[in-house]
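Student: predicted model follows, preceded by the sequence.
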Amino acid sequence: MTARKRHLSSRRGLTLFFIMWSTYFLSAQQSIVQTLGENEEYFISSFEILEDKNSVWNIKQVSAPEFASKFQLHQGKKSSIAGNDNTASAYWIKITLNDASPRHKSWLLEAYDFKIDSLSIFLPDSTGQYSELKTGDNFTFNNKTFQHKNLEFLLPDFKSQTLVCYLRVKSDDSIRFIFVARSFERFVNYALGEYYFFGIFYGILIIIILLNSFLFFTLKDFTYIFYVFYVISLAVYLLVDSGLAFQYLWPNIPSINNYTRPFAALCVVITAMLYAKSFLVPRLTSPRIRIILYTVIAIRVGIFLVRLIFDRASLMDPQLDVMALLIAYLAGIYGWYIGFKPARFYVLAFSFVFIGFLVTSLNNLGIIQTSSIVVVYALNFAVVLEVITLSLALADRMNTFKRDKELEQREKINQLIKNESLQQEIIVQLKENEALKDKVNQELEAKVKERTLELEAANEEIRRMNEVLHADNIKLESNVKDLSKARVMQKIVSFEEFQNIYSDENSCLEFLSNMKWAKGYRCEKCQNTNYSNGPIPYSRRCSKCSYIESATANTLFYRLKFPIVKAFYMVFLISNRTEITADELSEKLSLRRQTCWAFKRKVLEAMEQKKRPKADPDGWSYLVLGHIEDKPTKKSKIE
């Protein structure tokens with residue numbers, strides 16, 4: 001008996017297990033499957049997204065069959081990458097993978113955007129239950145699965161099977177959902193090459209910083225120290241932007257991650273403006289360049305402080321920073337244009353940065369989809385070329401200044417020799433000029449006084465004429481408006497012309513209100529004549545019984561199901577052409593034929609019930625009032 005119970009229990013368990021896994025694989029088959037084959041790396045181009053606006057759902061709810069229809073399929077295109085369009089929401093991402101590789105591989109799932117505040121992955125176990133792993137900018141660096149700057153998760157073995165995993169993404173900053181599946185071997189090789197590259201890159205920047213610091217202390221030229229600060233700002237920004245600063249500088253202080261990147265970008269803009277001012281302005285004759293560069297610094301710092309206080313989520317603004325650097329770039333082009341030759345290296349250096357920023361942006365947008373270090377770190381390569389080129393610019397600038405100084409000294413010597421022979425002539429000429437200047441000044445003062453009197457008289461005449469013209473314009477505008485309205489009411493016009501008089505719902509309601517209560521307000525319930533404005537436009541509330549009557553109540557337009565402007569035009573057309581068909585009305589007003597037919601019948605009935613008064617100015621407004629067939633049968637606060 002005991003053996004039989006165990007046998008039945010075992011069968012029930014197997015049945016339950018089979019049902020759970022059948023449901024799991026059925027949901028997997030209904031999803032878009034990303035197949036992993038012979039390659040070592042695959043961009044996840046197709047997945048499903050679900051927005052959790054209140055950030056309250058859990059994995060049990062999201063993985064339930066009834067939630068499957070709520071997911072939206074995203075099939076990756078090079079021109080569009082999904083992201084957290086609403087930073088207040090959490091996003092659930094469902095990825096379905098199939099391991100069809102010919103040999104056994106260990107796979108990792110990596111998120112390219114490492115600036116995600118909170119990233120959780122839910123992986124199924126053998127019982128169909130999901131276990132959670134968390135990481136992100138809100139957690140310490142040691143919380144990551146791998147001690148790598150990006151966010152990676154080791155996937156379970158699913159050789160020749162389909163794996164459905166869920167990711168929950170929550171971030172206060174705008175991010176992109178870019179995921180890649182890599183084999184473990186590919187990840188190790190890629191990470192090693194990546195960190196070797198970083199070592200070489202920052203080694204070059206350190207050499208540049210030390211060399212130019214030495215030149216500053218030797219030459220006492222502040223341009224070199226501004227250049228050193230600019231290179232340091234670039235290095236710090238790229239450390240933060242690549243995630244290395246979080247890994248090596250503050251791994252246990254994740255709370256500052258959302259502030260270091262915008263602050264580093266601000267430092268880049270400030271030091272770039274100061275370097276541009278020191279490098280270019282001594283040779284630029286226009287003081288406006290200096291004012292513009294200082295203004296850019298003041299505006300950028302002001303925007304940063306305002307957002308730091310009121311809107312911290314928008315602290316990082318790459319477009320604004322690029323625009324600021326573009327101003328420094330244009331200043332260099334201007335310096336080159338006016339003949340300052342070292343500016344050509346300056347322009348070339350900033351051109352490298354803009355090209356690097358463009359390639360990085362295209363890669364982030366998915367237009368260029370590759371994990372090549374040259375593309376992924378195009379901005380780093382551009383910065384290396386920039387700092388080397390700017391060093392050449394400084395050397396060329398120093399040589400240019402040296403040549404110009406020698407040339408200036410020779411010119412001064414020659415000029416001094418000439419000045420000695422011309423000194424006496426100049427003294428005589430100055431005396432003659434002084435006498436002539438006094439005479440001319442006296443004549444000019446007399447002419448200025450005369451001209452001033454003429455201008456004052458002319459200004460007074462112009463002021464008087466302007467007042468007359470202003471009064472005529474006011475009168476003319478009133479006449480034109482009256483003529484336009486009269487023209488619309490006296491002939492068949494198009495709907496567009498009709499809208500010149502009745503342009504929107506408010507103008508129609510205002511017209512109805514003025515007609516209904518032209519002789520004064522009287523409550524439909526208690527006959528009271530005192531009222532106040534109601535809760536809806538142009539309605540009136542009885543001050544005695546609080547009954548609210550809308551402008552459309554007791555008119556042709558009561559309980560109207562389509563725009564009232566079109567209804568006005570339809571009454572206008574039917575009153576002038578009773579033979580107009582419902583098809584014509586439908587075509588003119590883009591309404592359903594049945595709607596036009598029903599409203600036309602309503603207008604014709606009103607025309608049969610009423611006779612057109614002799615004093616009616618437009619030939620159709622007499623139809624809109626007193627139509628009581630459609631009054632509500634139930635008591636309501638608002639008619």
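Tutor: It's in.
Student: what's the local residue count around the residue lying closest to residue 242 once chain neighbours are set aside?
Tutor: Leaving aside its chain neighbours, residue 242 sits nearest to residue 149 (6.1 Å; criterion: CB to CB, 6 or more residues apart in numbering). Glycine gets a C-beta too; all of them are placed from N, C-alpha and C. Applying other CB atoms under 10 Å, we find 20 residues neighbouring residue 149.
Student: can you check residue 394 too?
Tutor: Quick note: residue 394 (other CB under 10 Å) scores 22 neighbours.
Student: quick one, grab the pLDDT at it.
Tutor: Residue 394 carries a pLDDT value of 88.
Student: now do stretch 203-223: everything it contacts.
Tutor: By CB atoms under 8 Å, 6 or more residues apart in numbering, the residues outside stretch 203-223 that reach it are 224-225, 227-228, 231-232, 234-235, 275, 278-279, 383-384, 387-388, 391, 394, 397-398.
Student: among these, name the buried ones.
Tutor: Buried positions within those, assessed by neighbour count (16 or more other CB atoms under 10 Å), are 224-225, 227-228, 231-232, 234-235, 275, 278-279, 383-384, 387, 391, 394, 397-398.
Student: among the residues you listed, which ones are in helices?
Tutor: Secondary structure from DSSP state H places 224-225, 227-228, 231-232, 234-235, 275, 278-279, 383-384, 387, 391, 394, 397-398 of those in helices.
Student: can you give me the strands for the chain?
Tutor: 33-36, 41-43, 46-52, 72-75, 90-99, 107-111, 118-124, 130-135, 151-154, 162-170, 179-183, 531-533, 540-542, 548-549 (DSSP state E).
Student: show the average pLDDT along the second one.
Tutor: Predicted confidence along strand 41-43 averages 88 (mean pLDDT).
Student: so residue 190 touches residue 184, yeah?
Tutor: No: using CB atoms under 8 Å, residue 190 is not in contact with residue 184; the gap is 10.7 Å.
Student: pick out whichever of the two has more residues nearby.
Tutor: Neighbours per residue (other CB under 10 Å) separate residue 190 from residue 184, with residue 190 holding more: 19 against 16.
Student: flag the shaky bits of the stretch 151-300 of the chain, pLDDT-wise.
Tutor: Residue ranges of the stretch 151-300 of the chain with pLDDT under 70: 282-286.
Student: quick one: the helices in it, in order.
Tutor: Using DSSP state H, counting those that start in this stretch, the helices of the stretch 151-300 of the chain run over residues 184-219, 222-242, 244-248, 257-280, 288-310.
Student: tabulate these (a markdown table), appending distance to residue 153.
Tutor: Below are those laid out as a markdown table (distance: least, CB to CB, whole Å):
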| stretch | distance to residue 153 |
| --- | --- |
| helix 184-219 | 11 |
| helix 222-242 | 20 |
| helix 244-248 | 17 |
| helix 257-280 | 20 |
| helix 288-310 | 33 |
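Student: to residue 329, which of those helices lies closest?
Tutor: Among those, helix 257-280 comes nearest to residue 329, with 8.6 Å by CB to CB.
Student: if you count neighbours, what's buried in that closest one?
Tutor: Neighbour counts over helix 257-280 (16+ other CB under 10 Å) mark 257-258, 260-280 as buried.
Student: for it, the distance to its chain's centre please.
Tutor: Here helix 257-280 is found 22 Å from its chain centre; the criterion is CA atoms, centre = their mean, to the nearest Å.
Student: cool, and stretch 228-248?
Tutor: Distance of stretch 228-248 from the chain centroid (CA atoms, centre = their mean) equals 26 Å.
Student: from memory residue 34 sits against residue 100, does it?
Tutor: No: assessed by CB under 8 Å, residue 34 is found out of contact with residue 100, at 10.4 Å.
Student: so for these two, which sits in the more crowded spot?
Tutor: Using other CB under 10 Å, the more surrounded residue of residue 34 and residue 100 is residue 34, with 20 against 14.
Student: on that earlier part again, dump the strands of the chain to CSV, plus distance to residue 524.
Tutor: CSV is the format used below for those (distance: least, CB to CB, whole Å):
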stretch, distance to residue 524
strand 33-36, 67
strand 41-43, 69
strand 46-52, 48
strand 72-75, 51
strand 90-99, 52
strand 107-111, 66
strand 118-124, 60
strand 130-135, 64
strand 151-154, 68
strand 162-170, 55
strand 179-183, 65
strand 531-533, 11
strand 540-542, 8
strand 548-549, 6
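Student: residue 436: which of the ones you listed is closest?
Tutor: The closest of the strands of the chain to residue 436 is strand 531-533. By CB to CB, the value is 78.4 Å.
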